[in-house]
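1. below are the sequence and a predicted model; questions follow.
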Amino acid sequence: MKEIKITYDDTRDISIRCVDKMMELKIFSEYPFDIQDLIQDQINKVFGLDIDDNFEITINKNNYKII
């Protein structure tokens, strides 16, 4: 059984990549840290992550399906 760990830092990295892509597409002229934070917050809500109380979760690869 394969387990995947997702951390608060991982969701930060995802949000940075999202905003970097938006910058590349010239959606923003200045780096929007508030948008990066918003994206990370929304991802964290999905996984139930919190910087203070739940920094990391483990997902059993057999229990999720990519659609």
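-> Thanks, I have the structure now. Numbers count the residues shown, from 1 in each chain.
2. which strands and helices sit next to the longest helix along the chain?
-> Determined from DSSP state H, the single longest helix within the chain is helix 8-24. With contacts defined as 3 or more C-beta pairs under 8 Å, 6 or more residues apart in numbering; DSSP states H and E, the secondary structure elements packing on helix 8-24 are helix 33-47. Yep, even glycine has a C-beta here, placed from its N, CA and C like the rest.
3. returning to that earlier point: now do the longest helix of the chain, average pLDDT.
-> Average pLDDT, helix 8-24: 96.
4. tilt between that helix and helix 33-47?
-> When axes from the mean of the first three to the mean of the last three C-alpha atoms, to 10 degrees is applied, the directions of helix 8-24 and helix 33-47 differ by 140 degrees.
5. and helix 8-24, what's buried?
-> Buried residues in helix 8-24, counted by 16 or more other C-beta atoms under 10 Å: 8, 10, 11, 12, 15, 19, 22.
6. contact partners for residue 20?
-> Residues in contact with residue 20 (C-beta atoms under 8 Å, 6 or more residues apart in numbering): none are found.
7. per-residue confidence for residue 56?
-> Here, the pLDDT recorded for residue 56 equals 85.
8. look up the closest residue to residue 40, ignoring the ones flanking it.
-> Of all residues not flanking residue 40 in the chain, residue 15 sits nearest, at 3.9 Å (C-beta to C-beta, 6 or more residues apart in numbering).
9. wouldn't that neighbour be in contact with residue 34 here?
-> No: at 11.2 Å, residue 15 does not count as touching residue 34 under the criterion of C-beta atoms under 8 Å.
10. residue 51 - how many residues pack around it?
-> Residues lying near residue 51 (other C-beta atoms under 10 Å) number 11.
11. quick check: phi and psi on it?
-> Torsion angles at residue 51 (phi, psi; degrees, to the nearest 10) stand at phi -60, psi -30.
12. how about the residue nearest the centre of the chain: what's its closest non-neighbour residue?
-> Most central in the chain under C-alpha atoms, centre = their mean is residue 11, positioned 2.5 Å from the mean C-alpha point. Leaving out its chain neighbours, the residue that sits closest to residue 11 by C-beta to C-beta, 6+ apart is residue 43, at 4.4 Å.
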